[in-house]
Each structure stands twice: as C-alpha cells, then as structure tokens.
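Trainee: Predicted structure and sequence below. I'll ask about it afterward.
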Amino acid sequence: MAAAPNKKQLSKIQRQKATLRAMLWPGLDDKRLWNYTTTAGWLNVPRALPLILRIMDYMSKGKPLSSTYLDLWCRTYNDSFVVASKPREMAFYSGFSGERAERTWQSRMWILAQLGFIDIKGGPNGDVSYILIFNPFAVLKEHHEHGRVDARSYNALLERMIETGGGNLSAEAGDDLDDIDLSNIEETPL
C-alpha cells in the first residue's frame, strides 16, 4: 500500500504543479489567484468533501443536504462550531429563498442532526442557535457499518482519504481511519 505523501514529497509535487502552471499560463499575474497565505477568507476542508457531500445527499432521500452542510462548514473558524445568529442568511446561502426558506433550512439542519453529522442546541435564535459539526469521516464510517452507506461510495471515500493523506491507517495515530484491520495486508513495493 502506498503511503500518503510526506512534506518533502508534497513540496516536490507543488513545485512540479507550479512549473506546469507557468508553462500553461505564461505571464500569469499571481494577484489574479486567491492565495490562502496572503488573503483572508480561507478555512480547512477535507479534500474528500465533494464525495462526503454526495454521500450525504444520497442518504437524505430527495432532500439535499450538501449546500446546507457546506455553508455550515464555511461558517466555522476551524473549530467545528457555528453560532446560527443569522438563520435567514444561512437559509439563503444554503440555496433556499421565499416564504419557507428558513423552515426548509431548519428541516435540513434536523436531517443533518438525525444522521449524526451535527448536533444542535437551542438559544436566543430559536431551536437552532448553536451547531457542532462532527468529523464526517467518523459519521460515515458508522453509517457504513450499519449498512446505510453503500460499499461503492464508502470504498471511494477510503481511497480518496488514503490518496490525500486524510487518514492515518495506524490505530495508534487516532486519525480518521482508526480501527481498520490491516493485519492481513502485506506491504508491496510500487
């Protein structure tokens, strides 16, 4: 099994990509790009997020959750916590408008909570005032173990996590792919 890229390999990959980009877009003014090291407005997201969102939408049976969950994630400060002080705005950012926008948004929030992706506490803004976002990998692993995530999607998620270094496969590490039994897998050179 190939290991996730280490920092030295990553910088080699970054250099290679920068070289290719310069060849494809010669004379590119870097000011036209959004650089997270020099521009505000960035946060950390799992590289597998598009697949996580796809699986969520599948699990919600015709009531898509992805835009609501993505808006929640974008409102954190890398602390997994959201204060829902602007429910109308949150509904709009999640793609809901009109008279029932907030009600639709709130129903999506409760589905996310029922599926275990978030926990909700009431407060000054009603029943949905505070939101805690749980590790989506752990939530999906549990759903898979109970047969609520199909093998094809879950296997794709595992592959993406390994590919991007999103989970350490050793049980001691305490990362996203804990408790996967690798005792019967032999290390083979690439």
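Mentor: Perfect, I can see it now. Numbering: from 1, shown residues only.
Trainee: got the buried residues for the longest helix that the chain contains?
Mentor: The helix that spans the most residues within the chain, counting by DSSP state H, is helix 7-24. Judged by neighbour count (16 or more other Cβ atoms under 10 Å), helix 7-24 contains no buried residues. Just so you know, the C-beta spots here come from the backbone N, C-alpha and C atoms, and that holds for glycine as well.
Trainee: Then stretch 147-155?
Mentor: Under the neighbour-count criterion of 16+ other Cβ under 10 Å, stretch 147-155 has 149, 153-154 buried.
Trainee: thought Arg148 was touching Met59?
Mentor: Yes - counting by Cβ atoms under 8 Å, Arg148 touches Met59, with 6.5 Å between them.
Trainee: Just the C-alphas of the longest helix of the chain, formatted as PDB.
Mentor: Coordinates of each C-alpha in helix 7-24 appear next as PDB, following Å, rounded to 0.1, in the frame of the first residue of the first chain:
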ATOM      1  CA  LYS A   7       6.100  17.100   3.400                       C
ATOM      2  CA  LYS A   8       9.200  16.700   1.200                       C
ATOM      3  CA  GLN A   9       7.200  14.900  -1.500                       C
ATOM      4  CA  LEU A  10       4.400  17.400  -1.200                       C
ATOM      5  CA  SER A  11       6.700  20.300  -1.900                       C
ATOM      6  CA  LYS A  12       8.100  18.400  -4.900                       C
ATOM      7  CA  ILE A  13       4.500  17.900  -6.200                       C
ATOM      8  CA  GLN A  14       3.800  21.600  -5.500                       C
ATOM      9  CA  ARG A  15       7.000  22.600  -7.500                       C
ATOM     10  CA  GLN A  16       6.000  20.300 -10.400                       C
ATOM     11  CA  LYS A  17       2.500  21.800 -10.500                       C
ATOM     12  CA  ALA A  18       3.800  25.300 -10.300                       C
ATOM     13  CA  THR A  19       6.100  24.600 -13.200                       C
ATOM     14  CA  LEU A  20       3.300  23.100 -15.300                       C
ATOM     15  CA  ARG A  21       1.000  26.000 -14.400                       C
ATOM     16  CA  ALA A  22       3.700  28.500 -15.500                       C
ATOM     17  CA  MET A  23       4.100  26.700 -18.800                       C
ATOM     18  CA  LEU A  24       0.300  26.600 -19.400                       C
END
